[in-house]
Structure formats: C-alpha cells, structure tokens
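Colleague: Below is the structure, and that's it, no one-letter string:
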C-alpha cells in the first residue's frame, strides 16, 4: 500500500512536467464576406506576440471567382491591432488589397473630375463591353485598393469558433468609400 501511495504522489508531483503549456489562440483561419478581400476571401490571421492577444498582428488572404468568362482575384494584406480581453476584442487595421480582373470584358475610366462632394465622376471610358468598378472607379487591371478596418472580433480563450464584424472603409486614387463592411467566420487556434 505504501508503494502504491508513493507512486500516486510521484505521478501527481510529476504531472506538471508532462502537462502541455496552455497557449492563447494566436492564429485563426476564416472566410470573410465583404471586407478587405472585396467580394469575399479566405484568410489567415496571426499575432506577432503569441503570448498576448491584445497585440499587433497580420492577416493575409485570397479570394476570387470565374463566372461566364469574367474573372476576379483579390489578395488582401493587412496589419491589425486588437484591444480588449478575451473573448471580446476591438480590432483596428490598415492594409492594401491587390486585385486583378479580366480586363477584356470591362472598360475603365480614361478621364474625369471630382465633384463638390469629393466623388469622382468619369467623363471618358475606354472601349469595352462595360465599365468596371468595385464601389469605386478602377483604373484598369491589376490594381490596388487601400483598406482600413474597425470592428468587433470574438476569439474564445481556448480557441475554436471565432467570428468578426467590421466596418472596412476602402480607398484608391479615385476616391474613398467609408461604408463598406465585412463579416467573417472561422476557427482560432
């Protein structure tokens, strides 16, 4: 009986040596509709400091489609900062989205002007079937769209299902649109 008690105490005292260190879910993968990926994107997000969720991080994603001869590809890259305590965080970020589309099916703006409200008005389009813009006029393909991010992110303390809801203002050389938004669902680990 003493041997059994000795082995039991030894096992209990040694268990912290074998226990895995519990870590914060500093990485996540998610699908975002709208947001920095423009129509949608699959994303990977990580924190630079793996010991703190309320720190700086980065996201990289990809999205696109090909329907009836029209194609679109986007690659959002954003640096972001989380504020708060798990599982609730306020997120702020700034980034750029590279995108390309099948230019043969679209025309783009050759010249224009800004009206008194700051909106870009195109006056001359190139030849093509239709004018292309994604909320803002686009000067051809490939192109860049600046993105900002302000929103809520829920990340469970132990990882698992995560979601986010963001206001994502977008801008390029033809203007600024403050009311673009995105919603994302994924897994934090």
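Modeller: Now that the structure is in, tell me what you want to look at. The structure presented is a predicted model; accordingly, all values stated were derived computationally and were not measured.

Colleague: average pLDDT across the longest strand along the chain?
Modeller: Ranked by residue count under DSSP state E, the longest strand found in the chain is strand 70-85. Taken as a whole, strand 70-85 has a mean pLDDT of 95.

Colleague: Mind giving me the packing neighbours of it?
Modeller: Identification of packing neighbours for strand 70-85 by 3 or more CB pairs under 8 Å, 6 or more residues apart in numbering; DSSP states H and E yields strand 40-47, strand 56-67, strand 88-101, strand 143-154. All C-beta spots, glycine's among them, are computed from the backbone N, C-alpha and C.

Colleague: Identify each buried residue in it, please.
Modeller: Burial within strand 70-85, assessed by neighbour count using 16 or more other CB atoms under 10 Å, is assigned to 71, 72, 73, 74, 75, 76, 78, 80, 81, 82.

Colleague: any idea which of those residues is closest to residue 138?
Modeller: Proximity of those to residue 138, judged by CB to CB, is greatest for residue 72, which lies at 10.9 Å.

Colleague: from what I can see the closest one touches residue 101, true?
Modeller: Yes: applying CB atoms under 8 Å as the test, residue 72 and residue 101 come out as touching, 4.7 Å apart.

Colleague: just for this structure, where's the confidence low?
Modeller: Counting by pLDDT under 70, the chain contains low-confidence ranges at 1-22, 103-111, 118, 122-132.

Colleague: what about residue 179, helix or strand, and which?
Modeller: Secondary structure assignment for residue 179, by DSSP states H and E: no helix or strand.

Colleague: residues near it, how many?
Modeller: Counted with other CB atoms under 10 Å, the burial measure for residue 179 works out to 9 neighbours.

Colleague: can you tell me which residues contact the nearest residue to residue 157 once chain neighbours are set aside?
Modeller: Distance criterion CB to CB, 6 or more residues apart in numbering; nearest residue to residue 157, sequence neighbours excluded, is residue 86 at 4.3 Å. Residues near residue 86 by CB atoms under 8 Å, 6 or more residues apart in numbering: 24, 53, 155, 156, 157.

Colleague: measure residue 86 to residue 99 for me?
Modeller: Residue 86 sits at a distance of 33 Å from residue 99 (criterion: CB to CB, to the nearest Å).

Colleague: ok so, going back, would you reformat the helices and strands packed on strand 70-85 as TSV and include distance to residue 168 and mean neighbour count?
Modeller: As requested, the helices and strands packed on strand 70-85 are exported to TSV (distance: least, CB to CB, whole Å; neighbours: other CB atoms under 10 Å):
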stretch	distance to residue 168	mean neighbour count
strand 40-47	11	20
strand 56-67	12	16
strand 88-101	9	18
strand 143-154	5	19
